[in-house]
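**Q** coords below, sequence missing:
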């Protein structure tokens, strides 16, 4: 969640009157915005579940397997060059020192290619929802996974809310105003 005034990430903290403390999301600049955490969490939960329940959400949930064939080809070429250096060193065509110097850049390139291939194999954060009930899956996820999913789906910006109760407010309801939350 971002502050609608300065754009900073909001912090989870405690707020309210003494004896009536509750979890609150607050901008680090205390005069900016703050919202009841339970109300904002319930609002964003409903948005996520609603979006993931749409018929067209399946296309976004199916992880696309990236084409790593170029990475594999590059990695095979680099390993081949490393093997050639080892043969040259074994034949005495180059010194072990020369092999070390020549192989350093190749080994670094091989490590970068392997890391890119490993990243390509990781499914996106939405893949967990494929074939299941979004509400049940969301409720089982930990905070870090929920944050990653929210980041993949939308940006939540909390604007200053008008003072007082929202229209339709009844005793026992929070003062949460969904119109003070922008989604992007």
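**A** Structure's in. What do you need? This is a predicted model, so every value here is computed, not measured.
**Q** and the most centrally placed residue in the chain, helix, strand or coil?
**A** In the chain, the C-alpha nearest the mean C-alpha coordinate belongs to residue 148, at 3.0 Å (Cα atoms, centre = their mean). Look at residue 148: counting by DSSP: H, G, I helix; E, B strand; the rest coil, its state is helix.
**Q** how about the strands in the protein?
**A** For the chain, the strands defined by DSSP state E cover 2-3, 11-15, 22-26, 34-36, 156-158, 181-183.
**Q** and the third one, what does it pack onto?
**A** So the one you mean is strand 22-26. strand 11-15, strand 34-36, helix 37-52 (3 or more Cβ pairs under 8 Å, 6 or more residues apart in numbering; DSSP states H and E). In this view, the C-beta of every residue, glycine as well, is placed from N, C-alpha and C.
**Q** distance of residue 150 from residue 24?
**A** The gap separating residue 150 from residue 24 is 18 Å, by Cβ to Cβ, to the nearest Å.
**Q** what of residue 136?
**A** Residue 136 sits 28 Å away from residue 24, taking Cβ to Cβ as the criterion.
**Q** who has more neighbours out of the two?
**A** Using other Cβ atoms under 10 Å as the criterion, residue 136 and residue 24 rank with residue 24 on top: 19 against 9.
**Q** how about that one: what's its closest non-neighbour residue?
**A** Of all residues not flanking residue 24 in the chain, residue 15 sits nearest, at 3.5 Å (Cβ to Cβ, 6 or more residues apart in numbering).
**Q** which secondary element of the protein has the worst mean pLDDT?
**A** helix 57-61 (a mean of 61; mean pLDDT, DSSP states H and E).
**Q** where does the closest residue to residue 43 other than its chain neighbours land on pLDDT?
**A** Using Cβ to Cβ, 6+ apart and skipping residues adjacent in sequence, the residue nearest residue 43 is residue 178, 5.9 Å away. If you check residue 178, the pLDDT there is 86.
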